[in-house]
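1. Structure, please.
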Amino acid sequence: MTSQAITTPPALKTIDAELGAGSVIHLWLKARRSDRTATLSINIDGVSIVDIVVVRTEEFEFHEVTLSVGGRAELGYNSSDVAISVIYAFHPARVLEEGIEVLHHAPENAAPSLANGYHFRPPFGWMNDPNGFGRFGGLAHLFYQHYPHSLRWNTMHWGHAVSKDYLRWKHLPVFLFPSAELSERADGRGGAFSGSAIPVAGQGGEAIRIFFTEQMRDRKPEEQIQLSALCSDELSTQTPAIILPERPEGLGLTQDFRDPYVFKGPDSVWKMLLGSRDKAGGVVLLYETSDPQGANGWVFLGPLHREDRYGMTAAECPCMVPLGAVDAAQTRWALIFGLLTSRDPATGRRNMTSATVGRFDGRNFQPELEQELDFGSDAYAFQAFVDGDEPVGIAWLANWTDVSKREDFPTAMTLPRRVLWNGEAVLTPPVESAEGLRQSLLDDRRLAGGDRLEFENGAIEIELDLSVAGGPFELLFEHPEVDLGLRLGADGLEILFDRRNGKTSPRYLAAGARPSHLRIFLDAGSIEVFADNGRWTGTKRLPDFAEMRAARLSAAEGVVLSARVWQLKL
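-> Prediction:
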């Protein structure tokens, strides 16, 4: 499919695309004035196919058109009467291989133009939490919290993409829509909130069952309830059904009751975790069902875990993965969740993510140790699943502390990460396929020698080997918007970050860390640090999308054994 926009005088506009028979067009539009209808006409080779007429003015209205014939499609409208958010096209039989083709988007929801970026970003609109991360039909599927019509949070949908290697993604049609009532106005009352997905048997093969929270502000008696739906074609769901209409009684829980994460327990029974809150802090709730389809029969087993550190409120986006073979009696499990509104008094970091490791028998969890999952604190809503022999996870590369109602906030997902256990701690190194991003070796001598190393562009990996664990160094980057660097010293490993606005930034510190090997990934809008195979992982979102220009490394003689710098490219 190829497309181009053609403007005809004065307010009449046409979007042209070459589309085959069977192609599907998704489009969102609304009327600019309440006293006039808005019409978009679709013609194929000059023959009228359909006129789409809308009167709604508050929020964009979704329409789907399937073409019975192929040819030159012309989508014509009067821009004085019609406002268009997004139009994309796809062929259902080929969309998993080809992805969608975006034919039009408004300036308000345009994705950043990043020629060299390698992190996952949506093709348009707002994105936050990963949802339903898993492997289905041989492909890795990533669903995500999504608002298509601007770069700010609003009524939640689920976006969708697939990949063969966790790095190169094909964007798919919007997967899950908010209820009709919530879709009428752009007032942020709720929508299809975060959740998860599992493989189940379906007619003719494997299907995907999704679980999500429906949020509707001021709904009585429950603002947040849990729904489930079946997807048989990897593209869209059947009508969702309510599976948990209310919170458990007798626990003094607040209205927070969300983010269902479903997984197979050590007893081969489907389990569900939900994030909640009581007067003391965060609560993770545990449910189970004997239904192999996971569709019905969910029974509340009790609170799985409580957490009150750092002044947190709700436990958000819980997930749980085995750190070894699921059927082994001594296997440890990692319970991972966000500490909403938490603040570390020692560093000033907010909204941290905890990994609690312990034994899990399917009904009871016995914690043995707690660790912070990411010392940069910009890897939120981490979600993982077991892919083959080990878990793989991904997170939203942002932090709610930085979200502003006054300015747009386009974001990314982190590099996907393995979840490992070394006998003492959880490790989260990047997936092995990340090495395939290395396009060329840019340097293996000048940076180690203390020279200023200029980058060809901002997509960079730096690998450092130190002569002794904890050997001190300082790596400073040149960035047009912020002061940025990485320091290893007596306090530990620290991402140095200053916005140059006179305000004190938190310290992004892994206290006491003493690594000997580091991988640093730079991209427009982010830095990710993986020390000692992810024993200490730090992620920091950077404002705007200016690229890193250069770096300089400072260390005493003999501390740095080697410093290799790669130019990265998808």
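2. Can you pull the domain assignment for the chain?
-> 2-90, 126-427, 432-568 (automatic domain parsing).
3. Quick one: closest of these to Gly117.
-> domain 432-568 (5.3 Å; CB to CB). Bear in mind the C-beta positions are built from the backbone N, C-alpha and C, glycine included.
4. Tell me how far the closest one lies from the chain's centre.
-> 23 Å (CA atoms, centre = their mean, to the nearest Å).
5. now do the same end-to-end measure for that domain.
-> 15 Å (CA to CA, to the nearest Å).
6. and if you look at stretch 433-449?
-> End residues of stretch 433-449 are separated by 29 Å (CA to CA).
7. Kindly report the same for stretch 501-521.
-> Across stretch 501-521, first to last residue, CA to CA, it's 25 Å.
8. Tell me what Phe521 is bridged to.
-> Under DSSP bridges, the beta-bridge partners of Phe521 are Glu461, Glu528.
9. so what's it up against?
-> For Phe521, the contact set (CB atoms under 8 Å, 6 or more residues apart in numbering) comprises 415, 430, 434, 460-461, 527-530, 568.
10. For my notes, please list the domains of the chain in JSON lines and give mean pLDDT and distance to Gly99 for each entry.
-> Output for those, formatted as JSON lines (pLDDT from 0 to 100; distance: least, CB to CB, whole Å):
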{"stretch": "domain 2-90", "mean pLDDT": "92", "distance to Gly99": "7"}
{"stretch": "domain 126-427", "mean pLDDT": "95", "distance to Gly99": "4"}
{"stretch": "domain 432-568", "mean pLDDT": "96", "distance to Gly99": "19"}
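11. nearest to Ser113, of these?
-> Taking those one by one with CB to CB, domain 432-568 is closest: 8.5 Å.
12. on that earlier part again, scan the contacts of Phe521 and report the most crowded one.
-> Leu415 (28 neighbours; other CB atoms under 10 Å).
13. Can you report phi and psi for it?
-> phi -60, psi 140 (degrees, to the nearest 10).
14. cool, and the one 10 residues further on?
-> Ala425 adopts backbone torsions of phi -160, psi 160, taken as degrees, to the nearest 10.
15. the strands in the stretch 101-250 of the chain, which residues?
-> Per DSSP state E, counting those that start in this stretch, the stretch 101-250 of the chain carries strands over the ranges 101-105, 126-136, 139-147, 157-163, 169-171, 190-202, 205-216, 224-231, 241-244.
16. Select, out of these, the one closest to Arg36.
-> Per CB to CB, nearest to Arg36 of these: strand 101-105, 21.0 Å.
17. Direction included, what does that closest one pair up with?
-> Here strand 101-105 is paired, per DSSP bridges, with strand 82-90 (antiparallel).
18. and after the strand it pairs with, which helix or strand comes next?
-> For strand 82-90, the succeeding helix or strand toward the C-terminus, using DSSP states H and E, is helix 95-98.
19. quick one: buried residues of that next one?
-> 95-96 (16 or more other CB atoms under 10 Å).
20. got the contact list for it?
-> 90-91, 137, 139, 162, 170, 172-173, 234-235.
21. what's near enough to touch the spatially most central residue of the chain?
-> By CA atoms, centre = their mean, the mean C-alpha position of the chain lies nearest to Pro130, the distance being 3.6 Å. By CB under 8 Å, 6+ apart, the residues touching Pro130 are 142-144, 381, 383, 394-396, 413.
22. Select, from those residues, the two members most distant in space.
-> So for the contacts of Pro130, where distance means CB to CB, the most widely separated pair is Phe143 and Ala395, at 14.0 Å.
23. related to what we said a few turns ago, redo the strands of the stretch 101-250 of the chain as CSV? Include distance to Thr356.
-> CSV is the format used below for the strands of the stretch 101-250 of the chain (distance: least, CB to CB, whole Å):
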stretch, distance to Thr356
strand 101-105, 41
strand 126-136, 20
strand 139-147, 24
strand 157-163, 28
strand 169-171, 31
strand 190-202, 19
strand 205-216, 22
strand 224-231, 23
strand 241-244, 24
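24. what's the closest of those to Arg499?
-> strand 126-136 (21.6 Å).
25. Who does Leu484 form a beta bridge with?
-> Phe477, Phe497.
26. what do you get for His26?
-> With DSSP bridges as the rule, His26 is bridged to Glu64, Tyr88.
27. what's the distance between it and Thr57?
-> 21 Å (CB to CB, to the nearest Å).
28. again with Phe212
-> Relative to Thr57, Phe212 is positioned 29 Å away (CB to CB).
29. out of those two, which sits in the busier spot?
-> Higher neighbour count among Phe212 and Thr57: Phe212, with 28 against 15, using other CB under 10 Å.
30. so the more buried one touches Leu176, yeah?
-> Yes: using CB atoms under 8 Å, Phe212 is in contact with Leu176, at 6.9 Å.
31. Overlap of the contact sets of the two?
-> Joint contacts of Phe212 and Leu176 (CB under 8 Å, 6+ apart) are 158, 192.
32. any idea which of the contacts of Phe521 is the one closest to Arg185?
-> Leu415 (36.6 Å).
33. Chain neighbours aside, what residue packs nearest to the closest one?
-> Pro430 (4.7 Å; CB to CB, 6 or more residues apart in numbering).
34. residue contacts, the one you found?
-> 415-418, 519, 521, 528, 530, 534.
35. thinking again about what came up before, and the contacts of helix 95-98, which is closest to Asp483?
-> Checking those against Asp483 with CB to CB, the nearest one is Lys170 at 37.2 Å.
36. wait, isn't Asn523 in contact with Ala459?
-> Small correction: residue 523 is Asp, not Asn. Yes: Asp523 is within contact range of Ala459, at 5.8 Å (criterion: CB under 8 Å).
37. what residues are shared contacts of those two?
-> Each of 116-118, 568 lies in contact with both Asp523 and Ala459 under the rule CB under 8 Å, 6+ apart.
38. want to throw those into TSV with distance to Leu496?
-> TSV is the format used below for the shared contacts of Asp523 and Ala459 (distance: CB to CB, whole Å):
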residue	distance to Leu496
Asn116	23
Gly117	23
Tyr118	23
Leu568	22
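39. any idea which of those residues is the one closest to Gly125?
-> Gly117 (16.6 Å).
40. Report the spatially nearest residue to that closest one, omitting neighbours in sequence.
-> In this structure, Gly117 finds its nearest non-sequential neighbour in Ala524, 5.3 Å apart by CB to CB, 6+ apart.
41. do Leu570 as well
-> Tyr118 (4.9 Å).
42. what do you get for Ser196?
-> Nearest residue to Ser196, sequence neighbours excluded (CB to CB, 6+ apart): Tyr261, at 4.6 Å.
43. The helix or strand containing the one you found pairs with which strands, and in what direction?
-> If you go by DSSP H and E, Tyr261 is part of strand 257-264. Partners of strand 257-264 in the sheet, by DSSP bridges, are strand 270-277 (antiparallel).
44. Grab the CA positions of the strand it pairs with and hand them over as PDB.
-> Provided in PDB are the C-alpha atoms of strand 270-277 (Å, rounded to 0.1, in the frame of the first residue of the first chain):
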ATOM      1  CA  TRP A 270      -4.400 -20.300  36.600                       C
ATOM      2  CA  LYS A 271      -3.700 -17.600  39.200                       C
ATOM      3  CA  MET A 272      -4.600 -14.000  39.100                       C
ATOM      4  CA  LEU A 273      -2.900 -11.100  40.900                       C
ATOM      5  CA  LEU A 274      -4.600  -7.800  41.400                       C
ATOM      6  CA  GLY A 275      -3.100  -4.500  42.800                       C
ATOM      7  CA  SER A 276      -5.000  -2.800  45.600                       C
ATOM      8  CA  ARG A 277      -4.600  -0.700  48.700                       C
END
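45. Just the buried residues of that strand, please?
-> 270-277.
46. One more: stretch 43-52?
-> 43-44, 49, 52.
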